[in-house]
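Participant: Using only what follows, build the 3D model:
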Amino acid sequence: MLDFPTAQPLATFCGDCGCGCPQLFVDESAPPEKRVVLTDDFGSQVRMSAAQFGNLLTQAKSGALDTVI
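Facilitator: The predicted structure is shown next:
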């Protein structure tokens, strides 16, 4: 979990193991270019704008990222 009280959790990826699963947050107190936050189970985070995250979703939905799995 992020240590920002304004970060709202949107999704947890995994959720069954208690390992500190990757999560998706929106931090409304962050600048617009850093509001969407992805965390991993190692304590790192990636911040991006809503437009960047939307682009990621578009690519995932189109199948462009299917080779990753």
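
Participant: partners of the worst-scoring helix or strand of the chain on mean pLDDT, with directions?
Facilitator: Using mean pLDDT, DSSP states H and E, strand 7-12 stands out as the lowest-scoring helix or strand of the chain, at a mean of 91. Applying DSSP bridges, strand 7-12 is found paired with strand 23-27 (antiparallel).

Participant: downstream neighbour of the partner strand in the secondary structure list?
Facilitator: strand 36-39 (DSSP states H and E).

Participant: element containing residue 57, please.
Facilitator: helix 50-62.

Participant: Which residues outside that helix are in contact with it?
Facilitator: Helix 50-62 is contacted from outside by 32, 35, 36, 48, 65, using Cβ atoms under 8 Å, 6 or more residues apart in numbering. Every C-beta, even on glycine, is put in place using the N, C-alpha and C of the backbone.

Participant: Just the buried ones from these, in ChimeraX syntax?
Facilitator: This is the ChimeraX syntax for the buried subset of the contacts of helix 50-62, where burial follows 16 or more other Cβ atoms under 10 Å:
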select :35,36,48
